[in-house]
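# Okay, sequence plus prediction incoming.
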Amino acid sequence: MPSIKQFQVTFDCAEPERVARFWCEVLGYVVPPPPEGFATWGDFDRSLPPEQQGSAFACVDPSGVGPRLFFQRVPEGKVVKNRVHLDVRVGTGLVGEERLAALEAECARLLPLGAVRLRLLPADGQNESCLVMQDIEGNEFCLD
């Protein structure tokens, strides 16, 4: 059986471009170039039927290492905890107060972008501390 070479993470959301640009800022991702024949993504979007305009957006890791993130418009809002979430690894290798300081610094950077801090999960002897956050549409993620 061949191994998977690539995968993308897909977000259901109300405003794909807005959520994609939030995650670009969080992860240092970029918006890929528009399709051939279009100068901008706006030009491409305007070429679509009205009901499809603004229905999807994507961002990519500029180094090509991380997965592509794809954002698709859905009619329903988020109503329960998401079963899959991203862990933004800002405290890798850090423990105790040094780890908490790194998590708090990243939290402070993300709050003005529209992120919401939910709660601190303190170290418990098996796991180090992490901060549970929400993106601009309420999707949970962790600063880990």
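Received the coordinates, thanks.
# ranges for the helices of the protein?
Secondary structure of the chain, counting by DSSP state H: helices at 16-27, 41-46, 96-110.
# Comparing these, which comes out most buried?
Of the helices of the chain, the one with the most neighbours on average (mean count of other CB atoms under 10 Å) is helix 16-27, at a mean of 19. Yep, even glycine has a C-beta here, placed from its N, CA and C like the rest.
# any chance you could map the strands in this protein?
For the chain, the strands defined by DSSP state E cover 8-13, 56-59, 68-73, 86-88, 116-121, 130-134, 140-143.
# Go through the third one and flag the buried ones.
This means strand 68-73. Buried residues in strand 68-73, counting neighbours by 16 or more other CB atoms under 10 Å, are found at 68, 69, 70, 71, 73.
# How about the fourth one?
For strand 86-88, the buried set under the neighbour-count rule, 16+ other CB under 10 Å, comprises 86, 88.
# how distant is it from the center of its chain?
Chain-centre distance of strand 86-88: 8 Å, with CA atoms, centre = their mean, to the nearest Å.
# quick one: contacts of that strand?
Outside strand 86-88, the residues that touch it by CB atoms under 8 Å, 6 or more residues apart in numbering are 9, 26, 27, 106, 130, 141, 142, 143, 144.
# Which one of those residues is nearest to residue 47?
residue 9 (26.4 Å; CB to CB).
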